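Student: Sequence unavailable; structure follows:
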Ligand code: ADP
Ligand code: MG
């Protein structure tokens, strides 16, 4: 997805006010009635309409008049809100090139004021394989208040919390810097996903290190659940870093053993195929408790002494509530059950074609020339461009506080909009008086607004 952050520099205080008003309306509405946006933003002299037009032009909101006249945020609009907040907090000052496209995220480089480079991950729950999207839609249909905005925010918060906790416990993970909305800011890993690595100096050592991580995680009460060559980064010194944590579960999860064994199998299969390690006997051989005398058999879930409760404690400490955890678990459950680790060509074709194909097409669509599994030359080029990037100023757009016309104070804005939102709710509860917009949004060509429907929508607040 293209993230043209240059636009960000030209957005005014009112633009952000209205954009935030749409975001607030989306807490209870998939499509936020125009009148409600106007009511929350409470700009003078028909200002909201003009601003919405500008936001539409920049594709920060989407206009929908199929049921009633309203708006929703686009991913881009949500990205801008998160980026603006981070810039205001001084976390970074510029956004650079895209460095990764995951199944459900986009990763970009960002630069701090002192020129150092970090990475941001923008979560995009819902952008996944068609099969998973369908099952999620089925689920979402029953829970209207769940939308991609909420779920992407939860995924980011969970990932951030885990990254922080794992780092504190000495795990090799990126340094968790900050989190806002669906955006996680972390240190940039100077390496490559294992899937792109064709040769290792000491594959056995790397293999042991990686398998050791799965065991170590279980000892801390955790299972990664997506531990494969796409989520392991490796640098020139063959140092391993694990990434991508939103799907982690506790060892007390009812399917813990299955997830653990699946993580182990992914690694066994990958190293067996890619680096010709003789691990075939261990693959799918989860009943190995008697083979331990051989020395190097696969880790056995039941014989690991685990400190159950780590996950709950860490998440609770981060403010990630049990309910949010449950919401997310329900959402990702189907996908986890269907997902299997991807492997070399033959395996991926057989195992999870849809997902692999989608990942590839995302790469092709979003990043011309960037493939999931590059050939030697592509990988070399990739390495060089990564290296070059670090010494060069990578950033396409800088946000200079002095340059921007008006520096929006995020907390103040949210506070004042929340007040407006409460007033709007109170107005509805007081007696069904139609919320007449001071500056009714003119529906150009679409169907006109249906006040009765809007009333009904507002009634659900
Ligand atoms: P998803 O959850 O969508 O799978 P990931 O967290 O796995 O996303 O990231 C996708 C890709 O982005 C990774 O394979 C990696 O190439 C790149 N990436 C992610 N985090 C970082 C980071 N901190 N530093 C450098 N590259 C990263
Ligand atoms: Mg990943």
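Tutor: Looks like it came in fine. Please read all numbers here as calculations on a predicted model, not as lab measurements. Ligands and ions are numbered 1, 2, ... in the order given.

Student: what's the next secondary structure element after whichever strand or helix holds residue 22?
Tutor: Following DSSP states H and E, one finds residue 22 within helix 13-25. The C-terminal neighbour of helix 13-25 among helices and strands, as given by DSSP H and E, is strand 32-33.

Student: which secondary structure elements does that next one contact?
Tutor: Secondary-structure packing of strand 32-33 (3 or more C-beta pairs under 8 Å, 6 or more residues apart in numbering; DSSP states H and E): helix 13-25, strand 70-73, helix 451-459. The way it works is simple: take the backbone N, C-alpha and C, and place the C-beta from them, glycine included.

Student: Now do the strands in the chain.
Tutor: With DSSP state E as the criterion, the chain has strands at 32-33, 61-64, 70-73, 94-102, 105-111, 117-123, 176-180, 183-187, 192-193, 222-223, 232-234, 240-242, 249-250, 397-398.

Student: Kindly reformat the ones you listed as CSV containing mean pLDDT.
Tutor: Conversion of the strands of the chain to CSV gives the following (pLDDT from 0 to 100):
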stretch, mean pLDDT
strand 32-33, 94
strand 61-64, 96
strand 70-73, 94
strand 94-102, 91
strand 105-111, 95
strand 117-123, 97
strand 176-180, 97
strand 183-187, 98
strand 192-193, 95
strand 222-223, 92
strand 232-234, 97
strand 240-242, 98
strand 249-250, 88
strand 397-398, 58
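
Student: Deepest in the core, which of those strands is it.
Tutor: Highest mean neighbour count among those (mean count of other C-beta atoms under 10 Å): strand 222-223, with a mean of 28.

Student: Mind giving me the packing neighbours of it?
Tutor: strand 249-250, helix 256-275.

Student: Might you report the residue contacts of residue 90?
Tutor: By C-beta atoms under 8 Å, 6 or more residues apart in numbering, the contact list for residue 90 reads residue 113.

Student: okay, now the closest residue to residue 226 other than its chain neighbours: neighbour count?
Tutor: Leaving aside its sequence neighbours, residue 226 sits nearest to residue 247 (C-beta to C-beta, 6 or more residues apart in numbering; 5.1 Å). When neighbours are counted by other C-beta atoms under 10 Å, residue 247 registers 23.

Student: Next, find the distance separating residue 247 from ligand 1.
Tutor: 8 Å (C-beta to the nearest ligand atom, to the nearest Å).

Student: Does that residue touch residue 225 like I think?
Tutor: Yes - judged on C-beta atoms under 8 Å, residue 247 makes contact with residue 225 at a distance of 4.5 Å.

Student: What sits closest to residue 282 if chain neighbours are left out?
Tutor: residue 298 is the one closest to residue 282 (C-beta to C-beta, 6+ apart), at 4.2 Å.

Student: re the thing from before, using JSON lines, please lay out the strands of the chain together with distance to ligand 1.
Tutor: Formatted as JSON lines, the strands of the chain follow (distance: least, C-beta to the nearest ligand atom, whole Å):
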{"stretch": "strand 32-33", "distance to ligand 1": "27"}
{"stretch": "strand 61-64", "distance to ligand 1": "23"}
{"stretch": "strand 70-73", "distance to ligand 1": "20"}
{"stretch": "strand 94-102", "distance to ligand 1": "2"}
{"stretch": "strand 105-111", "distance to ligand 1": "3"}
{"stretch": "strand 117-123", "distance to ligand 1": "4"}
{"stretch": "strand 176-180", "distance to ligand 1": "10"}
{"stretch": "strand 183-187", "distance to ligand 1": "5"}
{"stretch": "strand 192-193", "distance to ligand 1": "4"}
{"stretch": "strand 222-223", "distance to ligand 1": "16"}
{"stretch": "strand 232-234", "distance to ligand 1": "6"}
{"stretch": "strand 240-242", "distance to ligand 1": "8"}
{"stretch": "strand 249-250", "distance to ligand 1": "15"}
{"stretch": "strand 397-398", "distance to ligand 1": "20"}
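
Student: Dump those to JSON lines, plus distance to ligand 2.
Tutor: Converted to JSON lines, the strands of the chain look like this (distance: least, C-beta to the ion, whole Å):
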{"stretch": "strand 32-33", "distance to ligand 2": "32"}
{"stretch": "strand 61-64", "distance to ligand 2": "27"}
{"stretch": "strand 70-73", "distance to ligand 2": "24"}
{"stretch": "strand 94-102", "distance to ligand 2": "4"}
{"stretch": "strand 105-111", "distance to ligand 2": "7"}
{"stretch": "strand 117-123", "distance to ligand 2": "9"}
{"stretch": "strand 176-180", "distance to ligand 2": "16"}
{"stretch": "strand 183-187", "distance to ligand 2": "13"}
{"stretch": "strand 192-193", "distance to ligand 2": "8"}
{"stretch": "strand 222-223", "distance to ligand 2": "16"}
{"stretch": "strand 232-234", "distance to ligand 2": "10"}
{"stretch": "strand 240-242", "distance to ligand 2": "10"}
{"stretch": "strand 249-250", "distance to ligand 2": "16"}
{"stretch": "strand 397-398", "distance to ligand 2": "26"}
